[in-house]
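Enquirer: Turn this into a structure:
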Amino acid sequence: MAAASIDHETRSVDILLVDDEERNLMALDAVLTDPTYRLLDARDADEALTMLVSHEVAVIVLDVMMPGTDGFALARIIRGSKRFRETPIIFLSAHLIDQRDVLEGYVAGAVDYLTKPFEPAILRQKVGIFVELYRQKREISELNRSLERRVSERTAELEESEAALRLADQQRTAFLATLAHELRNALPPLGAGLDVVLQSE
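Expert: Model (predicted):
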């Protein structure tokens, strides 16, 4: 069990950072650098979606205002996929946003908002919470897979044992049938011999 705990702590977790400004991505990389995180930088929606296809992401940090497909539209695309529907999205906005924007973000799939410039410790804490939830979910999934494998192995063992018992029962039945047949065949000569012995007395 100790090995599982160590694995839980040391396995890297992918975090997707999406921002069209290179300096913003560099700042996010600096803020979120952690030996157990693998930070994936995307500069637009297409690059972000490409990365999502090939990585299992624990959390997405997404800039709202981007040219072309903005953060809200990208979030809706992500939420439209069954695979990424549960992936938490933290929106970053360089502008003060009104309640309608907040509502649009939540409808699009955001779990939180931060306004730039943000407090680095707050972003680290928020990302850390989602990473920990992801790790726990992954650990539960692995335990479930392990349990299913053990149940499958045990079921196969029981089926083998049941087949062996059926074969043994069939062999016992065949042996008893053969024995009964042999005994029936031996009884008439024994009876005749006994008659001879009795008559001679």
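
Enquirer: Can you pull up the most central residue in this protein?
Expert: For the chain, S141 is the residue whose C-alpha lies nearest the centre (Cα atoms, centre = their mean; 4.0 Å).

Enquirer: all helices for the chain, in order.
Expert: For the chain, the helices defined by DSSP state H occupy 2-10, 22-32, 45-54, 71-79, 99-108, 120-200.

Enquirer: Grab the nearest non-local neighbour of R43.
Expert: Excluding its sequence neighbours, the residue lying closest to R43 (Cβ to Cβ, 6 or more residues apart in numbering) is D20, at 5.5 Å. In this view, the C-beta of every residue, glycine as well, is placed from N, C-alpha and C.

Enquirer: before we move on, back to that, most tightly surrounded among the helices of the chain?
Expert: Of all the helices of the chain, helix 71-79 carries the top mean neighbour count, a mean of 20, counting by mean count of other Cβ atoms under 10 Å.

Enquirer: re the thing from before, of the helices of the chain, which is nearest L39?
Expert: Checking the helices of the chain against L39 by Cβ to Cβ gives helix 22-32 as the closest, at 5.4 Å.

Enquirer: relative to helix 120-200, how tilted is the closest one?
Expert: Here helix 22-32 points in a direction 60 degrees away from that of helix 120-200 (axes from the mean of the first three to the mean of the last three Cα atoms, to 10 degrees).

Enquirer: Does helix 22-32 pack against any helices or strands, and if so which?
Expert: If you count contacts as 3 or more Cβ pairs under 8 Å, 6 or more residues apart in numbering; DSSP states H and E, helix 22-32 packs onto strand 13-18, strand 37-42, strand 57-63, helix 120-200.

Enquirer: For it, which outside residues touch it?
Expert: Helix 22-32 has contacts (Cβ atoms under 8 Å, 6 or more residues apart in numbering) with 15, 17, 19, 39, 41, 43, 61, 63, 92, 116, 120, 123-124, 127.

Enquirer: same deal with stretch 70-90?
Expert: Residues outside stretch 70-90 that contact it (Cβ under 8 Å, 6+ apart) are 18, 45, 48-49, 52, 57-66, 69, 91, 104-105, 108-114, 123, 126-127, 130, 133.

Enquirer: Now do the end-to-end distance for that stretch.
Expert: 14 Å (Cα to Cα, to the nearest Å).

Enquirer: Pull the distance from it to the chain's centre.
Expert: 20 Å (Cα atoms, centre = their mean, to the nearest Å).
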